[in-house]
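In: Following is a predicted model, sequence given first.
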Amino acid sequence: MHSAHQVTVTHNYRRSASRLTIFAHVFGVLAFILMLVWLLHYREGIEYDSYNGYRVFNVHPFLMFCGFIFLSGEAMMVYKTVNATHTVQKVVHMMFQLGAFVLGVVGLCAVFKFHDMSNVEDVYSLHSWIGIATISLFAVQWLAGLISFMAPQPEVTRHSLLPWHICGGRTLLYMSIVAALTGLMEKATFLQLQSNREARLVNFLGLCILLFGIFVDLSVALARYV
């Protein structure tokens, strides 16, 4: 009787976790739209090969959220959103994470290129320190996951490593969001944005990114730990 009750409660929590992915997608799409409005309408556009340094720089925030954060969040929700076997879900999870990493690296290259074009020092701010640490640890996490869960391993090893892998992924998600929010604050400070439409748009963008991360994390936490 107790076992049946436990199964029912666990099932309800997992159904709740699946519903939370809807909220995550809503805020993710909203952040995607706000990012495009900001960069295309207020900030001159997005172009990696442009001679305009600001257009080159804009590749950085675009790819760091729309590529790195959004895709890594989608990868974490794969187990709720992809209706397939566990093996297929793992492959999709790994591929989404790989895509997030590649786009994140391109986003980093864009900001380094902008600094070279503008003769600005690299990696001097808290935002850049957190960002570099996040992308570096993300690569380590991906390789560890590939070895631990895609390569042949004893089942007991996988079970012992799984909680660490999940906690590492959740930590990196929040690190990436902190990097994004400090980056938005840094850019708003440079632009001296105060009480105008662009400033409010950037604030709402930051809130949507934060809420996206919170709902992604809740969907993982409810499904695995409660």
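Out: Nice, I can see it. Numbering: from 1, shown residues only.

In: Could you list every helix and strand that the strand or helix carrying residue 160 packs against?
Out: Assigned by DSSP states H and E, residue 160 belongs to helix 155-191. Where contact means 3 or more Cβ pairs under 8 Å, 6 or more residues apart in numbering; DSSP states H and E, helix 155-191 is packed against helix 53-62, helix 70-81, helix 126-145, helix 197-224. (Each C-beta comes from the backbone N, C-alpha and C, glycine too.)

In: buried stuff in it?
Out: 161, 166, 168-170, 172-173, 175-184, 187-188 (16 or more other Cβ atoms under 10 Å).

In: Repeat that for stretch 101-110.
Out: For stretch 101-110, the neighbour count (16+ other Cβ under 10 Å) marks 101, 103-108, 110 as buried.

In: Now secondary structure and distance to residue 157 too, for these, in a markdown table please.
Out: A markdown table is the format used below for these (DSSP: H, G, I helix; E, B strand; the rest coil; distance: Cβ to Cβ, whole Å):
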| residue | secondary structure | distance to residue 157 |
| --- | --- | --- |
| 101 | helix | 24 |
| 103 | helix | 31 |
| 104 | helix | 29 |
| 105 | helix | 30 |
| 106 | helix | 34 |
| 107 | helix | 34 |
| 108 | helix | 33 |
| 110 | helix | 39 |
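
In: Return the member of those residues nearest to residue 94.
Out: residue 101 (10.5 Å; Cβ to Cβ).

In: any idea how far the closest one is from residue 90?
Out: 17 Å (Cβ to Cβ, to the nearest Å).

In: How about residue 96: what's its closest non-neighbour residue?
Out: Spatial nearest neighbour of residue 96, excluding adjacent residues (Cβ to Cβ, 6 or more residues apart in numbering): residue 75 at 3.5 Å.

In: wait, doesn't that neighbour sit right on residue 91?
Out: No - using Cβ atoms under 8 Å, residue 75 is not in contact with residue 91; the gap is 11.0 Å.

In: So for those two, which sits in the more crowded spot?
Out: Legend: neighbour count by other Cβ atoms under 10 Å for residue 75 and residue 91, higher for residue 75 (22 against 15).

In: How about the contacts made by that one?
Out: 92-94, 96-97, 100 (Cβ atoms under 8 Å, 6 or more residues apart in numbering).

In: Of those residues, keep whichever come out buried.
Out: Buried by 16+ other Cβ under 10 Å: 92-94, 96-97, 100, out of those.

In: As JSON lines, the residues you listed with pLDDT and distance to residue 215 would be great.
Out: Below are those laid out as JSON lines (pLDDT from 0 to 100; distance: Cβ to Cβ, whole Å):
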{"residue": "92", "pLDDT": "95", "distance to residue 215": "20"}
{"residue": "93", "pLDDT": "95", "distance to residue 215": "18"}
{"residue": "94", "pLDDT": "96", "distance to residue 215": "22"}
{"residue": "96", "pLDDT": "96", "distance to residue 215": "17"}
{"residue": "97", "pLDDT": "97", "distance to residue 215": "19"}
{"residue": "100", "pLDDT": "97", "distance to residue 215": "17"}
